[in-house]
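# next come a sequence and a model predicted from it.
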Amino acid sequence: MTDSQAPAQGTNDTHGTTDTGTGTNPIAPAPAGVRTAADVVTPELVAQLTRDVVGSGRTANHTPFTGEKLADLPESTPEDVELAFKAARAAQRAWEATPVRKRAAVLLRFHDLVLQRQAEVLDLIQLETGKARLHAHEEVQAVAVAARHYGRKAASYLRPRSHTGAVPTLTKVVENRVPRGVVGQIAPWNYPFELSVGDALPAFVSGNAVVMKPDTETCLTALWARDLLIEAGLPAEVFQVVLGEGPVVGPELVKHADYVSFTGSTRTGREVAQGAAARLVGVSLELGGKNAMLVLKDADVDKAAAGAVRACFSSAGQLCISIERLYVHESIADEFVARFAARTRAMRLGTSLAYGADMGSLVGERQLETVKRHVEEAVAKGATLVAGGKARPDIGPYFYEPTILDGVEAPMAVCHEETFGPVVSIYRFSDEEEAIELANSTSYGLNSSVWTKDGRRGRAVAARLRTGTVNVNEGYAPAYGSVQSPMGGMKDSGLGRRHGSEGILKYTEAQTVATQRIMPMAPSFGMDDEKYAAFMSRSLRAMKAFRLR
């Protein structure tokens, strides 16, 4: 395997960063002795992680830091996918019969192992996605939080619940939660730890097996997570992984699954939903976004500028809930833009498997081309480049500077299309009604952000934004990290929710068991039809009088 070392760095300047002269943003220096791809992705590790992948072909993945190959991998055919589902289905029965508290204990052990061995997965996340280490750590945090939450709360979410029967005392009703069977999960490349195993944890603890198709380019991270779950006590057969091209393997998952979980583009999400609907199986979809941040006139400008850097450029903007539209009140817009631009230009770019870089790479050529197209078209049509706007091949093949555009207007593509890169557009507004209307003027509805010193005012504005999550005085992390509450999209941003009760109950079927006692729901004790009807009418009036629900 080719070594994936960081490119040679220049001379340190007085601020501890280097500048090659090819762009505005400095390069984060590589610490001495930093690990390389060859140190991390060894033949032994690849063999260990892929040992159970059902695949009769061969493929490979690559690191965005250099574009070089990371590992040779198995590739699954439609027949391989069918075999994976057969194995998962056979194992699921015994797993379902395992008491829920024992299943939950697996998640709690997994939580501890993730935190103990986080350096291993941080290296893999960085190598496969190109993101900075701190942004990779967001995935570690999210997975640990989800494992703790469902490890502690699963028994409560899944316990049988008593309900008032048709006739109180005579009818006893219990609602059971039954696992769906085998969940087919299609996971994306941008958050390969959190959006693979993080979404699978509630499926497992509710008694399902999972057949997962991670993106091939980021599959080592998902396979590492599988290995750790098995170490924590999950039966290996319950967690099957298949690899291959989305158009080949994806439809096969939908064809065999009892429920489908998908995170990705809106276009592909529609296809997944259509395939699931044809089989009458459930589906959850987290799709695209064109997320807005509103900076109201009473906002703390410096805090909002710092928050905008996090909101717009985490993981190089390749985050479904990152901000791409910034609406700033005209009275503070110039000050905000100046402070935001200064922070953005100071961001350090880097490839090291170590903390220190503020932003990493785009994942590949397609993302880079989209970013370049959006920025170049906007500038050509009159937008102003406030910061960034340059590719940085001196750092790596897919690096692009964090970019701020001002004066963006329709029909510029960046105005309405999801960029999914480190690009944000500034829009000025004069009153809050205008800002709310502009923020809602998109077919997407995934995430949004409101900045104000008045918390009550911020929550009032938030309630009027048509997005599944809204963050007041932060960009995305508080809502996403609050795992007792649901997270998902409105409008073209998806169906269903992750997190909270909805995030686990979606992997189950509700079953009502009603036991009739003393007398049947029919004429009895010598009553004819007319007397029975009169008795039931009196009973219904009494139940209303006693305020039964």
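Looks like it came in fine.

# quick check: which ranges of the stretch 401-549 of the chain have low pLDDT?
For the stretch 401-549 of the chain, no stretch has pLDDT under 70.

# determine the longest helix present in this structure.
helix 133-158 (DSSP state H).

# show me how far that helix is from its chain's centre.
Distance of helix 133-158 from the chain centroid (Cα atoms, centre = their mean, to the nearest Å) equals 12 Å.

# may I see the buried residues of that helix?
Within helix 133-158, the residues that count as buried by 16 or more other Cβ atoms under 10 Å are 133-151, 153-154, 157-158. For glycine as for every other residue, the C-beta is placed from the backbone atoms N, C-alpha and C.

# likewise for stretch 442-452?
Those would be 442, 444-452, for stretch 442-452 by 16+ other Cβ under 10 Å.

# can I get the residues you listed in CSV with secondary structure and distance to residue 162?
Converted to CSV, the buried residues of stretch 442-452 look like this (DSSP: H, G, I helix; E, B strand; the rest coil; distance: Cβ to Cβ, whole Å):
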residue, secondary structure, distance to residue 162
442, coil, 44
444, strand, 41
445, strand, 36
446, coil, 37
447, strand, 37
448, strand, 39
449, strand, 41
450, strand, 41
451, strand, 45
452, coil, 44
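
# and the furthest pair within those residues?
444 and 452 (23.0 Å; Cβ to Cβ).

# which residues sit against the strand or helix carrying residue 478?
If you go by DSSP states H and E, residue 478 is part of helix 477-481. The contact list for helix 477-481, computed with Cβ atoms under 8 Å, 6 or more residues apart in numbering, reads 138, 141-142, 145, 310, 321, 447, 469-471, 485, 487.

# again, only using 6 Å
By Cβ atoms under 6 Å, 6 or more residues apart in numbering, the residues outside helix 477-481 that reach it are 469, 471, 487.

# nearest spatial neighbour of the first one, chain-adjacent residues omitted?
The one in question is residue 469. Leaving out its chain neighbours, the residue that sits closest to residue 469 by Cβ to Cβ, 6 or more residues apart in numbering is residue 479, at 3.8 Å.

# neighbours of the one you found, how many?
Neighbourhood size, residue 479 [other Cβ atoms under 10 Å]: 23.

# distance of it relative to residue 526?
62 Å (Cβ to Cβ, to the nearest Å).

# got it, and residue 316?
Counting by Cβ to Cβ, the gap from residue 316 to residue 526 is 78 Å.

# okay, those two: which has more neighbours?
residue 316 (31 against 6).

# surely the more buried one meets residue 358?
No - with contact defined as Cβ atoms under 6 Å, residue 316 does not count as touching residue 358 (10.3 Å).

# hmm, back to that, report the buried members of the contacts of helix 477-481.
Buried members of the contacts of helix 477-481, scored by 16+ other Cβ under 10 Å, are 469, 471, 487.

# tell me the secondary structure at the second one.
When you say that, I think you mean residue 471. strand (DSSP: H, G, I helix; E, B strand; the rest coil).

# contacting residues for it?
Contact analysis of residue 471 by Cβ under 6 Å, 6+ apart lists 449, 478-479.

# state the distance from the closest residue to residue 111 other than its chain neighbours to residue 115.
Nearest non-adjacent residue to residue 111, counting by Cβ to Cβ, 6+ apart: residue 147, 3.9 Å away. From residue 147 across to residue 115, the span is 10 Å (Cβ to Cβ).

# same check on residue 299?
Residue 299 is 35 Å from residue 115, by Cβ to Cβ.

# which of the two has more neighbours?
Higher neighbour count among residue 299 and residue 115: residue 299, with 23 against 13, using other Cβ under 10 Å.

# from residue 92, how far off is the residue lying closest to that one once chain neighbours are set aside?
The spatially closest residue to residue 299, leaving aside those adjacent along the chain, is residue 451, at 4.1 Å (Cβ to Cβ, 6+ apart). Distance, residue 451 to residue 92, by Cβ to Cβ: 46 Å.
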